[in-house]
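A.B. asks: Just the structure for this:
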Amino acid sequence: MAKNLKLPSTFCTARRLRVTVYTSGNYMDINDIPTTGASCATAKQDKLKVCGVEASRRLAQNDLGRINKYKSNILSVAKQKNTDPSIIAAIMSRESRGGSVLKDGWGDHNNGFGLMQVDKRHHTPQGTWDSETHIAQAVDIFNSTLIQIEKKFPGQSKESILKDARSQSCISQYPGLVSAEPGLAQHLQTATLLINSSLSRNTLKAYQTAWRAFNKFLTHHSEETSGIKHILAFISHCHTQLTLSHNTMRLYLAGIQHFLSLRDPAKPYLLTSHAIRAILRGIQKLQPVVSIKRLPITGDIIRGAIAGYNTGAGNVRDLNDVDHRTTGKDYSNDVVARAQFFKNNGY
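C.D. replies: Model (predicted):
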């Protein structure tokens, strides 16, 4: 069942910035995603004597006639929301068996509404239980989950973990709170670590990148200080030479501010400078609106999003075991296997 989720259709990284639009259906082929299919407990719904992928396919086949009644609405919503229609059909099959297990449109002890079981405890159901409006709401919830899972698991390969470890081990090359008094110096070193720990790993990495770029710029121009005029020159360099976006430059400034504040906690906030705010506004006005195409969504992310639709994105804690907290502990694997059936049968 769909849990409590925010429903962003766009991302905007700062107030009044131009919106960058992300779509939600740049999936890999559902047939290429490995799956273990339905559990034996789930298979018992139709008194099947098989488990796994074969059970999922038979369950989906048993629902095909009922799902086909809503095919035009499924395809319409899929096109509107840029979402794989086979996943919509598969969720509909798993959640309500194409509506056959619902009573007056309700299921799950009267908490789940409609073909795709929108949870009334977390959402206000829209439309009638079998309407296109209902399907569109459920798909919005799924796509929101997908975005949350992508952000939650931006990269989990061993290579990325080792790279992060190396980055963290080099933290000493960046400014920190210091004191000539030995007793105070130890506490300030701990304070520096705590301040850096307040940032997410990815944010700290971005700040470190900004700091390195800024110091490289100063060194190239034989400057050792970092006053407002140097910041302005660096922003100009980022715009004309590095062709960085307005949003990236704001991130760089936040990183520079972070390390300048560690070097001198009394340092004024950079964005309070009229000149810096003005140059950023100028760059923003010159920057065209850009729609960014997302990279293909991996199978692990798709399974994570499907699991999150059932149990909530917060309960998906490990991409290697996304079904740990799902209904039947097989939800995403079963839905993927059903989706593969629907993909091969006109969806």
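A.B. asks: And the strands in the stretch 1-150 of the chain?
C.D. replies: 10-11, 20-21, 106-107, 112-113, 118-119 (DSSP state E, counting those that start in this stretch).
A.B. asks: Pick out the shakiest of those strands, pLDDT-wise.
C.D. replies: Least confident of the strands of the stretch 1-150 of the chain, judged by mean pLDDT, is strand 20-21 with a mean of 28.
A.B. asks: State whether Ser261 and Gly255 are indeed in contact, as I suppose.
C.D. replies: No. Applying CB atoms under 8 Å, one finds Ser261 not in contact with Gly255, separated by 10.8 Å. C-beta coordinates here come from the backbone N, C-alpha and C atoms, glycine included.
A.B. asks: Between those two, which is the more surrounded one?
C.D. replies: Gly255 (24 against 17; other CB atoms under 10 Å).
A.B. asks: Could you look up the SS state of that one?
C.D. replies: Taking DSSP: H, G, I helix; E, B strand; the rest coil as the rule, one finds Gly255 in the helix state.
A.B. asks: That one reaches Ala210, doesn't it?
C.D. replies: Yes. Under the criterion of CB under 8 Å, Gly255 makes contact with Ala210 at 3.2 Å.
A.B. asks: isn't Arg57 right next to Phe342, touching?
C.D. replies: No. In this structure, Arg57 is not within contact of Phe342 by CB under 8 Å, at 9.8 Å.
A.B. asks: Between the two, which has more neighbouring residues?
C.D. replies: Phe342 (28 against 20).
A.B. asks: Determine the set of other helices and strands touching the helix or strand where that one lies.
C.D. replies: Using DSSP states H and E, Phe342 falls within helix 331-343. When contacts are defined as 3 or more CB pairs under 8 Å, 6 or more residues apart in numbering; DSSP states H and E, helix 331-343 packs onto helix 52-68, helix 85-96, helix 299-311.
A.B. asks: What residues sit buried inside stretch 311-330?
C.D. replies: For stretch 311-330, a neighbour-count test (16 or more other CB atoms under 10 Å) marks 311-313, 316, 319, 322-323, 325-328, 330 as buried.
A.B. asks: from the residues you listed, which single one is nearest Ser273?
C.D. replies: Ala313 (38.8 Å; CB to CB).
A.B. asks: For the closest residue to Ala136 other than its chain neighbours, give me its contacts.
C.D. replies: Using CB to CB, 6 or more residues apart in numbering and skipping residues adjacent in sequence, the residue nearest Ala136 is Val77, 4.9 Å away. Val77 makes contact with 83, 88, 132, 135-136, 139 under the criterion CB atoms under 8 Å, 6 or more residues apart in numbering.
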